[in-house]
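*Asks:* Build me a model:
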Amino acid sequence: MEVSSNLKLLLDHATTLKLHTGNLVNRGRLKNKCLSSPSEELQDCIKGTLSEWIATVPKTHETELPSVLDCTIPQNTESITPEEREELRVSVKLFLAESDCSSIRNAVDMACLSLGVSQLDSVIIAPPPLPEGETVTLDHLQPLWSELEKIVQSQKAASIGTSDLDKTQLEELYNWAQVKPSSNQVNLASCCVMPPDLTAFAKEFDIQLLTHNDSKELLNSAGFQEALQESFTDLQVADWRLEWVLRYSIIVKSRGIIKAKGYLVHSQKSPK
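*Replies:* Just a heads-up that it's a prediction; the model follows:
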């Protein structure tokens, strides 16, 4: 009870919550569970990481409490050493919950720091969900893509890609962008076969088409707050809003296998 009480003080005082779920490939927590979707996997990761982190929280006087909580389990976190970096490909997909372009830089910086690398091989952007009936336009993509281009120009990412754009949307972005998209993810739940016009355009301009099974909103506010609530029942979860989720994969190039996979989650406390 003392740990839970202290956690409440920590969360009440903090304004920012960062979670790093660590390497899921080597963790036993998910091995015995059959999770049908990435959203369920992410929720389970948040609950598990918070539960493990809570147990490590020491008793602290309120005057010493931080404004930023970094919920990381060191033994579950695997950094990349300089010696092995050339053998590995580090790819991330960034899911934005809000239209805040500064989140892109923050997420990339946090990923590089957490994984011990100076550059990510690939960054794919998933724009924040739009109201029902609206579709993504170039106007929506331009500010996000401009920020991604800065990431490439500062050598924090080698390539950048998009998610769920049809041929027209991808062509408009390609023609406008200074740094061209190197990939576009397609959700095969919405189209069982790659659209021929999209395939032809991607082939002509050397854009890699990838598949995924992510929902449009990987984790909504209700799902995030549910994960927090299960970890700590007395917390006023409505005060916390999800800003972004970054999923990373570290792949051994020569063998094509996943060495590590995990999530970074960033949440902000709403001002009262």
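
*Asks:* When you work out contacts or count neighbours from here on, use the C-alpha atoms and nothing else.
*Replies:* Noted.

*Asks:* what's the residue lying closest to Ser270 once chain neighbours are set aside in contact with, if anything?
*Replies:* Nearest residue to Ser270 in three dimensions, chain neighbours excluded: Asp239, at 5.3 Å (CA to CA, 6 or more residues apart in numbering). When contacts are counted by CA atoms under 8 Å, 6 or more residues apart in numbering, Asp239 touches Lys269, Ser270, Pro271.

*Asks:* Got phi/psi on the second one?
*Replies:* Meaning Ser270. phi -70, psi 140 (degrees, to the nearest 10).

*Asks:* pLDDT at it, what is it?
*Replies:* pLDDT recorded at Ser270 is 80.

*Asks:* Report how many residues lie close to it.
*Replies:* Using other CA atoms under 10 Å, Ser270 has 11 other residues around it.

*Asks:* you'd agree it is up against Leu242?
*Replies:* No: contact criterion CA atoms under 8 Å: Ser270 and Leu242 do not qualify, at 10.1 Å.

*Asks:* all strands for the chain, in order.
*Replies:* For the chain, the strands defined by DSSP state E occupy 16-20, 68-72, 88-96, 122-126, 160-163, 183-187, 208-212, 240-252, 257-269.

*Asks:* Of those strands, which is nearest Cys45?
*Replies:* strand 257-269 (8.0 Å; CA to CA).

*Asks:* any residues touching that closest one, and which ones?
*Replies:* 14-26, 42, 78, 111, 239-252.

*Asks:* What residues does Glu78 make contact with?
*Replies:* By CA under 8 Å, 6+ apart, Glu78 lies in contact with Gly22, Asn23, Leu115, Ala260.

*Asks:* Go again with 10 Å.
*Replies:* Gly22, Asn23, Asn26, Ser114, Leu115, Gly116, Lys259, Ala260, Lys261, Gly262 (CA atoms under 10 Å, 6 or more residues apart in numbering).

*Asks:* out of those, which are buried?
*Replies:* Gly22, Asn23, Ser114, Leu115, Lys259, Ala260, Lys261, Gly262 (16 or more other CA atoms under 10 Å).

*Asks:* So the third one is in contact with Gly22, correct?
*Replies:* Spelled out, that is Ser114. Yes: the criterion here is CA atoms under 10 Å, and Ser114 meets it with Gly22 at 9.2 Å.
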